[in-house]
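[1] Let me see the structure of the following:
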Amino acid sequence: MKAQLRPAITLLALLTIITGAVYPLTVTGLAQLLFPQQANGSLIVIDGKAYGSELIGQQFDDPKYFWGRPSAAGYNATASSGSNYGPMNPTLEEVVQARIEALQAADPNNPLSIPVDLVTASASGLDPHISVAAALYQVSRVATASGLGEAEVTSLVEQYTEGRQLGIFGEPRVNVLLLNLALDGIQ
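    Next comes the predicted model:
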């Protein structure tokens, strides 16, 4: 039994050191060296003040700001998850209808169709982006509430529209935090 126990304990100790210390430190060191911005959370820091992360959605409910996708996780990164409501679940229909009514109440004269990403939560509940259609839908409300012209707000949306990833993946999108910082003249 000693003949079998000693190699097993030695192997356990060796693998613990490799997988529990050497590998994580190596990967962390390489990430800090090669991708320091991403490795540190892609934080938006301007004049020494952190405003948030480019990768995690934040809640904006003031009419003078663009609103992101609804979050089933309450914009809490530690509780990241979707609602798991299926398309036939009556609760999903009720939640979506309530969101539609809230958007219509916030901008009653808006003739545009409400984009789906403004009324449905994402799988993670933390999406930092909205579709270009969702941003354009909000231009009228944001312009009125912020005192800016619609053309100026539309120009900001166009300026902060990101293209497809690698030119082919996904759809053009707008990072809500970056756009709202631009509205405040910070970005």
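
[2] Apart from its chain neighbours, what residue comes closest to the residue sitting nearest the centre point of the chain?
    In the chain, the residue lying closest to the centroid (CA atoms, centre = their mean) is residue 128, at 2.0 Å. Distances taken as CB to CB, 6 or more residues apart in numbering put residue 57 closest to residue 128, at 4.6 Å, once the chain neighbours are dropped. Heads up, the C-betas are built off the backbone N, CA and C, glycines and all.

[3] Correct me if wrong: residue 178 contacts residue 44.
    Yes. Taking contacts as CB atoms under 8 Å, residue 178 lies within contact range of residue 44: 7.2 Å.

[4] who has more neighbours, those two?
    More neighbours surround residue 178 than the other of residue 178 and residue 44, with 21 against 17 (other CB atoms under 10 Å).

[5] Counting by contacts, list what whatever helix or strand the more buried one lives in packs against.
    Assessed by DSSP states H and E, residue 178 sits inside helix 176-183. When contacts are defined as 3 or more CB pairs under 8 Å, 6 or more residues apart in numbering; DSSP states H and E, helix 176-183 sits against strand 43-46, strand 49-53, helix 132-146, helix 150-159.

[6] can we see that at 7 Å?
    strand 49-53, helix 150-159 (3 or more CB pairs under 7 Å, 6 or more residues apart in numbering; DSSP states H and E).

[7] so that helix versus strand 49-53, what angle?
    With axes from the mean of the first three to the mean of the last three CA atoms, to 10 degrees defining the directions, helix 176-183 sits at 140 degrees from strand 49-53.

[8] Name the residues that touch helix 176-183?
    With contacts defined as CB atoms under 7 Å, 6 or more residues apart in numbering, helix 176-183 is touched by 44, 51-52, 54, 57-58, 60, 65-66, 68, 128-130, 135, 146, 156-157, 160, 187.

[9] residues touching residue 12, list them.
    So residue 12 contacts nothing (CB under 7 Å, 6+ apart).

[10] Could you do residue 115 as well?
    By CB under 7 Å, 6+ apart, the contact set of residue 115 is 131, 133-134, 137.

[11] so where do the helices sit in this protein?
    Under the criterion DSSP state H, the chain contains helices at 2-17, 23-34, 36-39, 90-106, 132-146, 150-159, 176-183.

[12] Tell me which of those helices sits nearest to residue 124.
    Nearest of the helices of the chain to residue 124, taken as CB to CB: helix 176-183 at 14.4 Å.
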